[in-house]
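Engineer: coords below, sequence missing:
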């Protein structure tokens, strides 16, 4: 008979009867496991100061909160098979107090620990056991198609609940200050509503999702909010999480549409005292809570990152999507090519592309490639190492060969720091196709190669002056090397390595003399640049 | 080279680069040192192939940066006969103004001796424009004086030609007025002006294109 206590299908009446008989039995040397939870609960309940339980129940505190506030360890009353009504009955049985448990929401936790809430369709939901909530979550995870190897459970509750609790606790400390149990039970911080709920749901969730709760990028979030009228407390006003609709102070604007729905709330007397005995009375900010919290179940994966280096072989591809007046500039963008090939493999909602610097649309990115970070939002699946290699091959094998990818891999949030590391010190290597207005001499090749760590002064190039500050920037050209081109006396390749942020085109043609020195001024003639390629972005960590 | 886009390189027929990358992928840490070096050299070679242009595709004399990125306009006899000025307009709307080669100042035997920006109510070379919004930029009309160009015998007032905010004047002319002789259309520019789109359209109507200007001045 005692085994059946664990069955969730047992009706209320039967439960009460069985528990009563259990309570009557002094000790039960139960060998089967199923009995232990209810025995522990029973013992815990019987060790409570009954008059306090009665007081709390009478001001509308729910059974879990009563147990919680009086310091009971959560594993005792959070067993997934313990239904709301069952716990209620146990307490009432023990204290001989009859309350309208079913019709009221806890004045402290506002129904959160009673597993009651309003869902997004405004339907009132009263779950019987934490298992049921875990089921809802598991369904949601399945529906979204998430592939997970862990989860992190978060609960957010209205600030109001914490305020309720703290004012109740201070009231209790005053009222029962001389009593012996106070030291042991009350003065150590009681387990929070959030923690109790998390504890109750975690085990059944682990079973249903077949994985462990851990520090995972996959987040399950229970967000509770409450359409509560404000009391006189200023602190309450500041800490409260507001609902988007409606005004904040339902009490004042009775004519407001949104308040009509919460008519019950606005009738609350604030700081009403319920005197149960002649001693200083226990206060709760809210007397009868007739509306539970609004609960939204969220499950999402925090951003995942893929990093690598990209190459750009085309002079007609921009780095990021570039649209002017609804017309696209260039035939494609690096961002879209990479993002559109990775996003579906992660089954994510969205992607964001970040690169360590950028190059003009008509400048190719060759050699080692440019480091980039692709942020995937709400990925349903984290791609495996194999999948990532497949993606890399796929992008590199695209027919139009506009873009290439190297060293693609999933990386944690440290990807950001890796990117930003030494950004200012980054050296870049280029190869420019230069034409000068007179034949190239051997002296020129020599003199150019001798210029090391040369400082130049660049005024903001005219081509970007419309959107950037007019400044004079000091930049360093670390080294230069001229490579002659066979069959040409006036064209040559200029290889150079410069400080990050140097405008190469302007360094070659001089930008109306606003970059000093320039290739033209060094060689004493007119110089023009026809083509530019980035051949190396020096960054170790990528 | 264009500030927007251009492609002078040979069209790639081989798929040199993807092969290269696949090689990279296959490489693991177990590869012997020599192989790594060989691979690096191979990569360099492949890279180099991409960099070297096809000389047959290149023009003998390429268009200059100014020709490629700016639209040239001219104001002949602006406010005074012989006062020929140019306005080079970039795609982003900024205008570089200066003396056209046919300007009277160049005909003076003694040559240009000095350039003075202290004209009108303020010294144009003294203003400091800051920030993206170009704070402190003075708003000038098209006939506002920018500077005075002095020759041995005469002096000429150079004006904005375009109504807009003065972003910059070429201070180098103060110490090196000879820049006007060597390259009035580049290093010898006078100033940079930012007109509002509406103001530009108005003034554009009164300016000549390069072709029209050449015809007018009978230049070849």
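Structural biologist: Yep, that arrived. Keep in mind the model is a prediction, meaning the values are calculated, not measured. Residues are numbered from 1 along each chain as shown, chains lettered A, B, ... in the order given.
Engineer: wait, does the longest helix seen in chain B contact chain A?
Structural biologist: Determined from DSSP state H, the single longest helix within chain B is helix B:33-51. Yes - using CB under 8 Å from any CB of the partner chain, we find that helix B:33-51 touches chain A at B:47, B:50, B:51. In short, each C-beta sits where N, CA and C put it, glycine included.
Engineer: for the record, mean pLDDT for that helix?
Structural biologist: Averaging pLDDT along helix B:33-51 gives 83.
Engineer: what does stretch A:366-377 give?
Structural biologist: For stretch A:366-377, the mean confidence score works out to 93.
Engineer: How about the closest residue to chain B within chain A: what's its closest non-neighbour residue?
Structural biologist: In chain A, the residue that lies nearest chain B is residue A:513 (3.5 Å; CB to the nearest CB). Closest residue to residue A:513 apart from its sequence neighbours, by CB to CB, 6 or more residues apart in numbering or on different chains: residue B:187 at 3.5 Å.
Engineer: Number of residues surrounding that neighbour?
Structural biologist: 24 (other CB atoms under 10 Å in any protein chain shown).
Engineer: Contact partners for it?
Structural biologist: Neighbouring residues of residue B:187 by CB atoms under 8 Å, 6 or more residues apart in numbering or on different chains: A:510, A:512, A:513, B:172, B:179.
Engineer: quick one, strands of chain B?
Structural biologist: With DSSP state E, the ranges of strands along chain B come out as B:70-75, B:85-90, B:95-99, B:112-116, B:118-119, B:122-123, B:138-140, B:145-151, B:155-159, B:164-169, B:191-194, B:208-209.
Engineer: swap in the stretch 1-150 of chain A?
Structural biologist: Ranges of strands in the stretch 1-150 of chain A, per DSSP state E, counting those that start in this stretch, are A:116-118, A:124-126.
Engineer: what's the most buried one of those?
Structural biologist: strand A:116-118 (a mean of 22; mean count of other CB atoms under 10 Å in any protein chain shown).
Engineer: what about chain B, any weak spots by pLDDT?
Structural biologist: B:1-33, B:220 (pLDDT under 70).
Engineer: Residue in it with the shortest distance to chain A?
Structural biologist: Going by CB to the nearest CB, chain A is nearest to residue B:187 of chain B, at 3.5 Å.
Engineer: What are the structural domain limits within the chain?
Structural biologist: Picking chain A for this. Per the TED database, the domain ranges recorded for chain A read A:38-228+A:285-299, A:303-424, A:427-537.
Engineer: I was thinking of chain B, sorry if that wasn't clear
Structural biologist: Annotated domains of chain B cover B:2-52, B:65-216 [automatic domain parsing].
Engineer: quick one: contacts of stretch B:97-110?
Structural biologist: With CB under 8 Å, 6+ apart as the test, stretch B:97-110 has contacts from B:74, B:76, B:81-88, B:112, B:146, B:149, B:151-154, B:156, B:158, B:160-162, B:180-181, B:184-185, B:188-193, B:213, B:217, B:219.
Engineer: Ok, stretch A:108-127 next?
Structural biologist: Residues from elsewhere that reach stretch A:108-127, judged by CB under 8 Å, 6+ apart: A:61-62, A:64-65, A:68-69, A:84, A:105-106, A:128-130, A:132-133, A:157-158, A:160-161, A:164-165, A:168, A:193, A:196-197, A:224, A:226, A:228, A:284, A:289, A:291-296.
Engineer: where does it sit relative to the chain's centre, distance-wise?
Structural biologist: When C-alpha coordinates are averaged (CA atoms, centre = their mean, to the nearest Å), stretch A:108-127 and its chain have centres 24 Å apart.
Engineer: in that stretch, what's buried?
Structural biologist: Applying a neighbour-count criterion of 16 or more other CB atoms under 10 Å in any protein chain shown, one finds A:108-118, A:125, A:127 buried in stretch A:108-127.
Engineer: Each with direction, which strands does the host helix or strand of residue A:222 pair with?
Structural biologist: Assessed by DSSP states H and E, residue A:222 sits inside strand A:218-225. Sheet pairing for strand A:218-225, assigned by DSSP bridges, gives strand A:152-156 (parallel), strand A:294-301 (antiparallel).
Engineer: Low-confidence regions, the stretch 351-500 of chain A specifically.
Structural biologist: For the stretch 351-500 of chain A, applying pLDDT under 70 flags the ranges A:422-425.
Engineer: tell me which parts of it are close to chain B?
Structural biologist: Residues of the stretch 351-500 of chain A lying near chain B (CB under 8 Å from any CB): A:360-362, A:364, A:366-367, A:389, A:392-393, A:396-397, A:401, A:404-406, A:431, A:433, A:435, A:459, A:462-470, A:485-488, A:491, A:493.
Engineer: Would you point out which residue is most central in the chain?
Structural biologist: Went with chain A since none was named. In chain A, the centroid-proximal residue (CA atoms, centre = their mean) is residue A:302; its distance is 5.0 Å.
Engineer: um, chain B though
Structural biologist: residue B:66 (4.4 Å).
Engineer: Is the closest residue to that one other than its chain neighbours bridged to anything, and to what?
Structural biologist: Leaving aside its sequence neighbours, residue B:66 sits nearest to residue B:88 (CB to CB, 6+ apart; 6.1 Å). Counting by DSSP bridges, residue B:88 is bridged to residue B:72, residue B:96.
Engineer: Give me the buried positions along stretch A:471-487.
Structural biologist: Within stretch A:471-487, judged by 16+ other CB under 10 Å, the buried ones are A:475, A:477, A:478, A:479, A:480, A:482, A:485.
Engineer: The helix or strand hosting the first one pairs with which strands?
Structural biologist: Read it as residue A:475. Using DSSP H and E, residue A:475 sits in strand A:472-484. Taking DSSP bridges as the criterion, strand A:472-484 forms sheet pairs with strand A:454-459 (antiparallel), strand A:491-499 (antiparallel).
Engineer: Dump those to CSV, plus mean neighbour count.
Structural biologist: What follows is the strands paired with strand A:472-484, written out as CSV (neighbours: other CB atoms under 10 Å in any protein chain shown):
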stretch, mean neighbour count
strand A:454-459, 16
strand A:491-499, 20
